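**Q** Build me a model from this:
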Amino acid sequence: MSTDPRGPHAWDRLWAPHRKQYLVEEAGNFDLDSCPFCIAQNVDDVTGLVVVRAEHAFAVMNKYPYNSGHLLVCTNRHVATFDELTPDEMREVGELTAQAMRTLRLVSNAQGFNIGLNQGSVAGAGVADHFHQHIVPRWSHDINFMPIVGGTKVLPELIEQTREMLSESWSD
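**A** Below you'll find the predicted structure:
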């Protein structure tokens, strides 16, 4: 019998209730006028949370991060899936991902990374129609008592501060 106050199956599920507002109000299939990644390309870097821009892709802060420094590498072109990318887009996404890892190690001493693609809304893509790859920095013991006991994720700095630090430290 489980002594966990949350019940016998507390570890069988991952709960992220803070994302419900995003899923209801913002997520889904976006057209060119409402796509957050297309919008980020048409505003200044600070407003769009853009870290760096390149010819075919760009790196942007995740507005709903899982860890501090959670970046997205997005194509400039509004295209949905990896298999639709051109060879130049694939190359640049890879180069930006590698540079994001180097920059996150430099700026925040990241010890590891989760890098992932969610292709299609049924696979968990919040913005299913615009290709983006997640780069989530990880540290030893980055999961502590706060999310486990308190149900709260503590991020040590504002997204805007992280964006500025990463942008200033980014190099080719």
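**Q** rest of the way, CA atoms for contacts and neighbours
**A** Noted.
**Q** Tell me how far residue 61 lies from residue 162.
**A** For residue 61, the distance to residue 162 under the criterion CA to CA, to the nearest Å works out to 8 Å.
**Q** Please enumerate the shared neighbours of these two.
**A** Taking CA atoms under 8 Å, 6 or more residues apart in numbering as the contact criterion, the common neighbours of residue 61 and residue 162 are residue 69.
**Q** Where is the longest strand in this structure?
**A** Here the longest strand in the chain is taken by residue count, with DSSP state E as the criterion, and it is strand 132-138.
**Q** Counting neighbours, which bits of it end up buried?
**A** Counting neighbours by 16 or more other CA atoms under 10 Å, one finds that the buried residues in strand 132-138 are 132-138.
**Q** Over that strand, what's the mean pLDDT, rounded is fine.
**A** Confidence over strand 132-138, taken as the mean pLDDT, stands at 94.
**Q** so what secondary structure elements neighbour that strand?
**A** strand 71-75, helix 87-108, strand 112-116 (3 or more CA pairs under 8 Å, 6 or more residues apart in numbering; DSSP states H and E).
**Q** Contacts for it, please.
**A** Outside of strand 132-138, the residues within contact range by CA under 8 Å, 6+ apart are 66-75, 97, 100-101, 104, 110-118.
**Q** Give me the buried entries from those residues.
**A** Buried by 16+ other CA under 10 Å: 67-75, 97, 100-101, 104, 110, 113, 117-118, out of these.
**Q** For this protein, which residues score under the pLDDT cut-off?
**A** Per-residue confidence of the chain (counting by pLDDT under 70) places the weak regions at 1-32, 143-156, 172.
**Q** quick one: the helices in it?
**A** For the chain, the helices defined by DSSP state H occupy 20-25, 36-41, 45-48, 87-108, 145, 159-169.
**Q** Which of the ones you listed sits closest to residue 122?
**A** Comparing those by their distance to residue 122 (CA to CA), the top pick is helix 20-25, with 12.6 Å.
**Q** thinking again about what came up before, and which of the buried residues of strand 132-138 is nearest residue 171?
**A** Proximity of the buried residues of strand 132-138 to residue 171, judged by CA to CA, is greatest for residue 135, which lies at 17.0 Å.
**Q** Show me what the closest one bridges to in the sheet.
**A** For residue 135, the beta-bridge partners under DSSP bridges are residue 71, residue 115.
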